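# How does the following fold in three dimensions:
(one chain, ligands or ions: 1)
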Amino acid sequence: MSMRAVDLIKKKRDGGELHKEEISFLISGHLAGAIPDYQMAAFLMAVYHKGMTEPETIALASAMLDTGRKVDLSGISGVKVDKHSTGGVGDKTSIILAPLMAAMGMKMPMIVGRGLGHTGGTLDKLASIPGFRTDLSIEEFRECIATVGCAIMGQSEEIAPSDRRLYALRDCTSTVESIPLIAASVMSKKLSEGIDALLLDVKTGSGAFMEDIHDARALARLMVNIGNSMGVKTIALITDMSAPLGRAVGNSLEIKECISALKGACAPDLFELTLTLAAWMAHLSDSVSEETEPQRLGEHIIKKYKDEVRDYMDHGDAFAKLLEMIDAQHGNPESAFNPSLFPKAVNLKPVLSPWTGYVRKLDARSVGHASMLLGAGRSRMEDGIDLAAGIVLGKKPGDPVKAGEPLAVLHTNRPGTLTEAEHVFLSGVEIGDREPARPRIVFEAVLP
Ligand code: URA
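Here you go, the predicted structure:
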C-alpha cells in the first residue's frame, strides 16, 4: 500500500516512531506541494506533543538537508569550521569570530538567520553595514571563503528550502518550541555548509529559546549527536543568556561594538565568550588530540589559545580580515573607521536608575523586548525593522550604580515607543545593597 500523510500523522499522534522513508516522504511531499500545509501543521503539532526519537530526528535533519544543495568546499584548503548560536540578546559573537578565525588560519563559512521576537539575528546586524550583501549565491560564498577565509550569508532558496517552509508554518502554528524540530532545523542548515567541524553555542536563561538548562542540555546533546552521526565533528557549549551579552543590543549598535572589539576594546563578558568559542573552534580544527581528561579540556584549551586570540584581536589582524570580508561582500570598509556611516537613531533617551546599589539583575528577555519595541526586532517573520534602533547598556550585572545615573540609553526613530520601552527595560532590572557574584558565562561543554 502506498504511503499516506494522514496515516503518518496518526502514527505520530499516537506516539509511534516513524521510519526514515516515512519522514522523507512527508518532507519531500510537503515541499513539492503534494502534502498541504494543513497536514504538515498537524504533523508538526503531533511532533510538538509526542516528540521524536534520536533516529527520527536524524532522519528529519537529513531529509531537510536533502531538499537543498550542499556547499562543496572540498577544493578549498584548511579546516572548515562554523559556530552556531541558538540565539539571544546582544549575541554578536559570529561577527567577531568569522574574521578572527580566518585570521588564525581557519575557514569559516556561516549561513545565518534573521532575528525574531526578543532575539536578534546576525543577518539583520550585517544589513546595517552600508552596501554589505548577504544574498550571495553559493558560488560567491565559496569564492569569498577561498580568498578571505570567511563569509556570512543568509539562507538562500538553495539551502534546505524545506526548513524555510516548515519554519514559516511553525511560526504561525505555535510549534517552534520543540527540541527535535529546532535541532533538525538548525542542523539541516549547518550541515549544508560543507563544514568539517561545528561548535554549537546553546544558550540558556531568560533571553534564550531554552530558558531551562535541562532543555538546553537536551537540545545540545541531540544536535551534537546529529552532527557527529553525519560526519561533522560537533561539540556544544551551554552558555548564559540571562543578561544581554556585551553592551549593545540592536543591529547597527551591535556592529559598532564588534568593530571596537576587533580593534581590541571588548566588554569583559563578550571577550570571555569570544575567547572560549574561539579556543573550542581551534581545538575542533586541530588534528592533534589532547590527552587531557574531558572535565579539564575547556580550561586546558583556553590556556592554550588565549594569547593567540588576544594577539589577533589586539594587533589588528582580525580587524584587517573584517575589512577584507566587508569588501568581498560588497560593503563599504570605510564604515569600520567612520561610525557616522551607519544608520543612526534620531531619538535617544537615557534610562536612569531609580535606586543606588549594585545591579543584581538585567533580564535579557526584558532588554530584548524593550529593544524590539524601539524598532530593532520583529514580532512576526514578515515585519520590517529599524537598523538604527536598540539599547546601549551603561551598567552590567554586578556594577555599582547611583540613583539618577544612566543604566542605559534607548535609541529609536519611533519616539512614541520610548515610554513603554523604558517601562519594559526597568521591569527587568533589580538593584540590591550587596555586590553580587559576577555571573558565569560558560556553564559546560557537551562532547561527542
Ligand atoms: N533557529 C532555527 O534555525 N530553527 C529553529 O527551529 C529555531 C531557531
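
# mind listing what G432 touches?
Contacts were defined as CB atoms under 8 Å, 6 or more residues apart in numbering; by that measure G432 touches G357, Y358, R360. The C-beta positions use only the backbone N, C-alpha and C, and glycine is treated the same way.

# backbone phi and psi for it, please?
phi -130, psi 170 (degrees, to the nearest 10).

# Let me know the pLDDT of P439.
The predicted structure scores P439 at 88 on the pLDDT scale.

# which SS state does it fall under?
Of the three states, P439 takes coil under DSSP: H, G, I helix; E, B strand; the rest coil.

# I'd like the average pLDDT over stretch 183-190.
Mean predicted confidence for stretch 183-190 is 97.

# which of the contacts of G432 are buried?
G357, Y358 (16 or more other CB atoms under 10 Å).

# Name the nearest residue to the residue in the stretch 101-250 of the chain that the ligand sits nearest to, sequence neighbours excluded.
Shortest the stretch 101-250 of the chain-to-the ligand distance, computed as CB to the nearest ligand atom: residue-wise this is S185, at 3.4 Å. Closest residue to S185 in three dimensions, ignoring its sequence neighbours and counting by CB to CB, 6 or more residues apart in numbering: D163, at 5.2 Å.

# May I see the domains of this structure written out as residue ranges?
The record's domain parsing of the chain by automatic domain parsing lists 5-51, 81-155+166-178+189-337, 343-432.

# Comparing the ones you listed, which comes out most buried?
domain 81-155+166-178+189-337 (a mean of 21; mean count of other CB atoms under 10 Å).

# That one close to the ligand?
Yes - with CB under 6 Å from any ligand atom as the criterion, the ligand is reached by domain 81-155+166-178+189-337 at G113, Y167, V176.

# what residues are up against the second one?
So the one you mean is Y167. V176, S185, M381.

# for the stretch 251-400 of the chain, what spans make up the helices?
Across the stretch 251-400 of the chain, reading from the start of the chain, the helices by DSSP state H, counting those that start in this stretch fall at 251-262, 268-285, 294-314, 317-328, 364-374.

# Those helices: lowest mean pLDDT?
Per-segment mean pLDDT for the helices of the stretch 251-400 of the chain reaches its minimum on helix 294-314, at a mean of 94.

# quick revisit: if I look at the residue of the stretch 101-250 of the chain closest to the ligand, how far off is G105?
Note on S185: its distance to G105, by CB to CB, to the nearest Å, is 31 Å.

# for I129, same thing?
24 Å.

# can you check G113 too?
Separation of G113 from G105 (CB to CB) stands at 27 Å.

# returning to what we had before: from the residues of domain 81-155+166-178+189-337 next to the ligand, which ones fall inside strands?
Members of these lying in strands (criterion: DSSP state E): none.

# I'd like these as a markdown table, with pLDDT and distance to R133 appended.
Putting these into a markdown table (pLDDT from 0 to 100; distance: CB to CB, whole Å) gives the following:
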| residue | pLDDT | distance to R133 |
| --- | --- | --- |
| G113 | 91 | 16 |
| Y167 | 92 | 22 |
| V176 | 91 | 28 |
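
# ranges for the helices of the stretch 1-150 of the chain?
If DSSP H, counting those that start in this stretch is used as the criterion, the helices of the stretch 1-150 of the chain fall at 5-13, 20-32, 37-50, 54-65, 93-103, 122-126, 138-147.

# Adding mean pLDDT, write these out as CSV.
What follows is these, written out as CSV (pLDDT from 0 to 100):
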stretch, mean pLDDT
helix 5-13, 98
helix 20-32, 98
helix 37-50, 98
helix 54-65, 98
helix 93-103, 98
helix 122-126, 96
helix 138-147, 97
